[in-house]
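> everything below, folded, please.
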Amino acid sequence: MIEWINNKFGTNFTENDLMNIKDFSLLWNIFENLVCDRNCTINRIEENLNPIEFQIEDFEDHLNYFKERYIADNNTNERFEYLRIVPNARKEFVKQVLLGNDNNTSNKILALAIIVYRYRNNLFHGEKDFMLLNEQEENFSVANQVLTSILKHF
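Here you go, the predicted model:
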């Protein structure tokens, strides 16, 4: 398939370039099935994650990655806007967690899940430029780590 995509669109993807993105598709499917009963919404994610006593140590590196990616000069940056979190999807909530203004463990995990959910939506609804997907490899690697850390509890 990668050869076909490269020939069709003039890209130079390798298997390694897309491995985490392909893995994300499977992990998201498992997450949505187990955590959201096959119908993912932020409210459903929150309802099913809040009762779990997560250890923040399992997520600290992921949270720091997203802070470094989306925060600059004590505010969200342009990359944060490209997540396309609309206000009713808890944009301000995620911003406050990333800024370090909300230190509740459950809220941190929910904010991470919302970011991963936005990766899912942006990927599956064509918001991400497929010709540059290889540039998203690290983002999806971290997203996969967030999902597997959550799925350990299901």
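> tell me the buried residues in the longest helix seen in the chain?
If you go by DSSP state H, the chain has its longest helix at helix 15-36. Using 16 or more other CB atoms under 10 Å as the test for burial, helix 15-36 gives 17-18, 20-21, 23-24, 27-28, 31-32, 35-36. Glycine gets a C-beta too; all of them are placed from N, C-alpha and C.
> where exactly do the strands run in this structure?
Chain-ordered strands for the chain, with DSSP state E as the definition, fall at 71-72, 75-76.
> got the contact list for the first one?
Strand 71-72 is contacted by residues 77, 80, 98-99 when judged by CB atoms under 8 Å, 6 or more residues apart in numbering.
> for residue 11, see how far away the residue nearest the centre of the chain is.
Nearest to the mean C-alpha position of the chain, counting by CA atoms, centre = their mean, stands residue 116 at 1.7 Å. The spacing between residue 116 and residue 11, counted by CB to CB, to the nearest Å, is 25 Å.
> try residue 75
Distance from residue 75 to residue 11, by CB to CB: 34 Å.
> output the buried residues of helix 15-36 as TSV; include the columns distance to residue 132 and pLDDT.
Output for these, formatted as TSV (distance: CB to CB, whole Å; pLDDT from 0 to 100):
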residue	distance to residue 132	pLDDT
17	11	92
18	12	93
20	15	96
21	11	94
23	18	97
24	16	98
27	21	98
28	20	98
31	25	98
32	25	97
35	29	97
36	28	96
